[in-house]
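# build the 3D model from these lines:
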Amino acid sequence: MNERLKMLRKYLNLSQKSFAEKLGITDSGLSNLESGKRNLTEQMIISICREFNVNISIHTSAREVTYPLTWDNGDVTISIHTSAREVTLTFSDYDASYYISIHTSAREVTNFPLALSATFRISIHTSAREVTVSADMLLGLEAISIHTSAREVTKRAIIINALDFISIHTSAREVTTTGGGYCYKYRISIHTSAREVTNWFPFDCSLSEFQSTLPQGK
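Coordinates of the predicted model:
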């Protein structure tokens, strides 16, 4: 990881001084990071990705993986490959774009976006016991794809003036999609052998398309 930091700086054609200034650290601090004398913290990795618009890629078998992200005008791509027991991504921001991919056998996977004027593209591939995606935003565009054999899959959205695309492929025992808002569009596709499928949309001034496809015989 430290060598990749140096490669990024050289790729951007920045001196240690210029690169360090953008990250809010000293020249010597950057030198220690590039040489491996100091390890990069998770927060420093996120700062680098945010400042230079590069990807976050995480490979871990940690028991818990948590990434709280807070900033304005951000653009970030996050890829997580993990057998962690729990994976949690928490967002609080304004005018941001997120592209998130999670590949996990985690027991629980949770995404809580809270944003204004935001774009979320979340892809989850998991055999997790529970998958929950909750969204609370204004003027948002949200694209969510879930491929899972999870016991429960829940998608809750409270949105105003939003465009929401949801695709769920699952053998889950229960699939629930809930939306509450005004003046927004829903396009939902569910392919499932689930025992229960529930979709509930209380909203006004909206264009809604719903498709639920069950295997033959269901």
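
# quick one: Leu5 from Gly29, how far?
12 Å (C-beta to C-beta, to the nearest Å). (C-beta placed from N, C-alpha, C; glycine too.)

# out of the two, which sits in the more crowded spot?
Shown here are Leu5 and Gly29; by other C-beta atoms under 10 Å, Leu5 has more neighbours (19 against 16).

# flag every buried residue along the helix or strand hosting Ser167.
Assigned by DSSP states H and E, Ser167 falls within strand 163-170. By neighbour count on 16 or more other C-beta atoms under 10 Å, the buried set for strand 163-170 is Leu163, Asp164, Ile166, Ser167, Ile168, His169, Thr170.

# is it possible to get TSV of those that adds distance to Glu108 and pLDDT?
Putting these into TSV (distance: C-beta to C-beta, whole Å; pLDDT from 0 to 100) gives the following:
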residue	distance to Glu108	pLDDT
Leu163	28	78
Asp164	23	79
Ile166	19	83
Ser167	21	86
Ile168	17	88
His169	19	89
Thr170	15	87
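
# got the contact list for the strand holding Ser167?
Under the contact criterion C-beta atoms under 8 Å, 6 or more residues apart in numbering, strand 163-170 has outside partners 135, 140-150, 153, 155, 157, 175, 177, 179, 184-192, 194.

# how far is it from where the chain is centred?
Here strand 163-170 is found 14 Å from its chain centre; the criterion is C-alpha atoms, centre = their mean, to the nearest Å.

# what ranges does this structure have for its helices?
Remark: helices assigned in the chain by DSSP state H are 2-11, 16-23, 27-35, 42-52.

# so for Thr90, which of the ones you listed sits nearest?
Nearest to Thr90 among those is helix 42-52 (12.3 Å), distances taken as C-beta to C-beta.

# having no further points to raise, I will conclude here.
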